[in-house]
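>>> okay, predicted coordinates and the sequence, questions at the end:
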Amino acid sequence: MKEDVKLNAVLNEKPEYAVWIMRQAGRYLPEYRALREKAGSFWKICFDPKLAAEATLQPIKRFGFDAAIIFSDILTIPDALGFPVIFEKTGPQLEALDLSKPIVFDQKALDRLLPVYEAINLVRTKLDAKTALLGFAGAPWTLACYMAAGKNDEGKAAKFWAYRNAEGFSRLIDTLVEGIAEHLIAQLKAGADAVQLFDSMAGGMAEPLFVQYVVRPTKKIVARVHATVPGAKVIGFPRGATLRGYGMYAEQTGIDVMSLDTAVPITWATANLSCLLQGNLDPLALVAGGEALEVGMTRILDAVHGRPHIFNLGHGILPETPIENVEKFVSLVRSGG
Ligand code: CP3
């Protein structure tokens with residue numbers, strides 16, 4: 001891992017600040033909207049290495065973030081497993097498969113993800129030496145939620161299945177653990193400096209489900225990644241977990257960085273979590289800008305003062321975010337206040 005890369009210095013616990021934004025290549029950028037228009041669809045960009053590399057680099061060129069995140073989606077894994085995904089106005093829709101039949105993560109599935117690794121290779125050749133490159137995947141619980149319902153139903157179908165047929169559901173989770181670990185490892189080998197696991201549906205879970213389907217599978221994935229790629233760093237994002245859930249996740253999964261959602265009080269996190277932290281500015285404070293942005297940033301800067309921190313939002317950037325507010329966000333990090 002190259003130390004002159006700011007994000008890597010932070011990951012190695014040097015007291016510095018790095019900054020990037022979840023969904024930083026997206027619809028708030030006119031150049032992304034133009035690329036999407038040209039490509040025809042979001043999914044086309046995800047599976048075309050040249051287009052994916054171009055989208056990945058857009059926010060770096062504009063804002064000089066410390067990390068690029070490979071342009072892809074968490075739903076590429078279900079797609080590779082044979083659940084074709086389409087994006088409707090209301091969000092992603094997955095084709096239903098017979099979930100009572102075994103799903104396997106085989107070579108065919110891994111091959112379907114090759115464009116992601118090619119895109120990483122391509123970005124690496126174009127990225128300047130001081131910018132890190134992140135890979136990512138959806139976590140097993142979140143992917144299972146989308147696969148069980150075929151859409152975002154706030155986890156209802158997955159929870160019902162987990163209660164009614166824990167054995168069958170656990171088999172799906174185990175397959176996802178395999179596939180996600182392989183996908184993260186392949187991204188690291190292709191040239192990603194670190195990886196993030198998005199568990200966007202981790203909120204509102206009964207604690208036994210959270211332990212069984214968020215904490216334990218994440219622990220297995222992190223152990224596999226660390227054992228296969230020594231020194232690799234994993235960022236975890238159990239969005240919406242309770243504070244007790246955040247505590248368990250930080251202590252038990254072995255993740256290197258905790259990405260905090262907007263609702264986690266930053267002062268609670270700095271007092272109670274010993275791992276590196278990322279986040280947790282409210283995406284709506286970034287839309288609002290002005291005083292809301294400055295107050296939100298001051299709260300975080302005061303709380304993390306003296307420790308390494310990765311500035312980011314508590315969730316993905318919203319399409320209505322003004323470009324100048326993103327510029328202001330970066331300059332507030334750079335000036336340290
Ligand atoms: O962070 C990045 O810039 C890298 C790319 C990235 C995307 N999605 C691109 C994207 C990443 C890391 C994701 C993660 C992702 N995708 C999550 C986890 C994080 C989160 O936001 O909770 C989830 C749940 C998904 C699934 C997904 N993809 C949904 C629910 C949607 C539709 C919602 C929306 O914003 O329209 C997407 C589409 C999507 N993924 C877009 C982008 C840039 C918008 C695509 C477009 O319309 O052009």
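All right, it came through fine. Residues are numbered from 1 along each chain as shown.
>>> run a quick neighbour tally on residue 331.
Neighbour count of residue 331, defined by other Cβ atoms under 10 Å: 10. Heads up, the C-betas are built off the backbone N, CA and C, glycines and all.
>>> err, residue 15, not the other one
12.
>>> which ones are touching the nearest residue to it once chain neighbours are set aside?
Spatial nearest neighbour of residue 15, chain neighbours left out: residue 308 (5.2 Å); criterion: Cβ to Cβ, 6 or more residues apart in numbering. The contact partners of residue 308, taken as Cβ atoms under 8 Å, 6 or more residues apart in numbering, are 9, 10, 13, 14, 15, 16, 17, 276.
>>> if I look at residue 80, how far off is residue 296?
38 Å (Cβ to Cβ, to the nearest Å).
>>> give me the below-cutoff pLDDT ranges for the chain.
Low-confidence segments of the chain (pLDDT under 70): 1-3, 337.
>>> do a quick rundown of the strands in it.
Under the criterion DSSP state E, strands of the chain are mapped to 17-19, 67-69, 85-88, 91-94, 132-138, 194-198, 233-237, 257-260, 276-279, 309-311.
>>> buried deepest among those, which one?
Ranked by mean neighbour count, the strands of the chain are led by strand 67-69 with a mean of 27 (mean count of other Cβ atoms under 10 Å).
>>> now check it, is it near the ligand?
Yes. Residues of strand 67-69 contacting the ligand under Cβ under 6 Å from any ligand atom: residue 69.
>>> contacting residues for residue 156?
Residue 156 sits next to residue 149 when contact means Cβ under 8 Å, 6+ apart.
>>> for residue 315, which non-adjacent residue is closest in space?
That would be residue 283: by Cβ to Cβ, 6+ apart, it lies 5.5 Å from residue 315.
>>> one more: residue 83?
Nearest one to residue 83, counting by Cβ to Cβ, 6+ apart, is residue 94 at 4.6 Å.
>>> go on, residue 52?
Among residues not flanking residue 52 along the chain, residue 119 sits closest, at 3.9 Å (Cβ to Cβ, 6+ apart).
>>> returning to that earlier point: and the residue nearest to residue 83, how close does it get to the ligand?
With distances taken as Cβ to the nearest ligand atom, to the nearest Å, residue 94 is found 10 Å from the ligand.
>>> do residue 260 as well
Taking Cβ to the nearest ligand atom, one finds residue 260 at 14 Å from the ligand.
>>> what's the answer for residue 210, then?
As judged by Cβ to the nearest ligand atom, residue 210 and the ligand stand 17 Å apart.
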